[in-house]
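K.L.:
no sequence on this one, just coordinates:
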Ligand SMILES: [Zn+2]
C-alpha cells in the first residue's frame, strides 16, 4: 500500500537543496542559527525546536515548486526531537520521496518529519513528549543533503483532508527558546 500512489509529483516537492551542502550556507530565506539554543530542549510550553544543534533554514513552503514544508539543514545524525507532544500516527519509508519519516498527531496539528537517516526510533501508536528524540537527521528518500523536512497539517491531518500550515513562524518561535 502506498498512500502516495495517486499523487504523482507530490514528492517532487520534497526534493531539496540540490546545491546545498551543510557547509553552513543558508539557502533561500533564513538566518543562520548558531545552535545550541533550541536544539532538542524542551520548551516551557511543551514545544521544542525539532533539530539539535547548529542548523540553517532551507526551502520553505512553496519555494516555487509546491514544497509542502520547511527544510532545516543540520548535520547528518543530529537528533530529531518531537516539536510538540502527540501520538505517532505513521512510521514509514518512501524511497522516492520522504525517505524514513514519521507523522505525529498533536493536539492541533499533524507534525511530519522526513528524510531521517534510519527508521524513526518511535513506534506507531506511541505517545511522545515535546523534546523527545524520535530519530536522526539524514538524507533518505528524495534528498541530496542531510536535512529535516518538517510539515504541519491542520486537522484532520496529513493527507486526511487537513490543510498545510506554514511551519516557519512556529519554528522561529521554538528556535528562540
Ligand atoms: Zn523539504
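P.N.:
Everything's here; your move. Being a predicted model, the structure only gives us computed values, none of them experimental.
K.L.:
how close does whatever residue of the chain ends up closest to the ion get to residue 171?
P.N.:
When distances are taken as C-beta to the ion, the chain reaches nearest to the ion at residue 149, 3.4 Å away. For the C-beta atoms, the positions are set from N, CA and C on the backbone; glycine is no exception. To residue 171, residue 149 is 12 Å away according to C-beta to C-beta, to the nearest Å.
K.L.:
these two - which one has more neighbours?
P.N.:
Taking neighbours as other C-beta atoms under 10 Å, residue 149 and residue 171 compare with residue 149 leading, 29 against 25.
K.L.:
please name the nearest non-neighbouring residue to that one.
P.N.:
residue 114 (4.0 Å; C-beta to C-beta, 6 or more residues apart in numbering).
K.L.:
hang on, isn't that neighbour packed against residue 148?
P.N.:
Yes: the criterion here is C-beta atoms under 8 Å, and residue 114 meets it with residue 148 at 7.1 Å.
K.L.:
which one's more surrounded, these two?
P.N.:
For residue 114 and residue 148, the more surrounded residue by other C-beta under 10 Å is residue 114, and the numbers stand at 30 against 26.
K.L.:
what sits against the more buried one?
P.N.:
Residues in contact with residue 114 (C-beta atoms under 8 Å, 6 or more residues apart in numbering) are 14, 69, 97-101, 141, 143, 148-151.
K.L.:
which of those fall within strands?
P.N.:
Under the assignment DSSP state E, the contacts of residue 114 contribute 99-101, 148-151 to strands.
K.L.:
list the contacts for residue 78?
P.N.:
39, 51-53, 55, 136-137, 146.
K.L.:
show the model's pLDDT score for the residue nearest the centre of the chain.
P.N.:
The centroid of the chain falls nearest to residue 150 when counting by C-alpha atoms, centre = their mean (2.3 Å). As predicted, residue 150 sits at a pLDDT of 98.
K.L.:
kindly state the beta-bridge partners for it.
P.N.:
Going by DSSP bridges, residue 150 is paired in beta bridges with residue 70, residue 113.
K.L.:
please apply the same query to residue 62.
P.N.:
Going by DSSP bridges, residue 62 forms beta bridges with residue 67.
K.L.:
for it, the count of nearby residues, please.
P.N.:
Residues contacting residue 62 under the criterion other C-beta under 10 Å number 12.
K.L.:
begin at 650, not 1, for the rest of this chat.
P.N.:
Fine by me, first position is 650 from now on; the one you just mentioned is residue 711.
K.L.:
against residue 769, how distant is it?
P.N.:
In terms of C-beta to C-beta, residue 711 sits 26 Å off from residue 769.
K.L.:
equivalent analysis for residue 777, please.
P.N.:
Distance from residue 777 to residue 769, by C-beta to C-beta: 10 Å.
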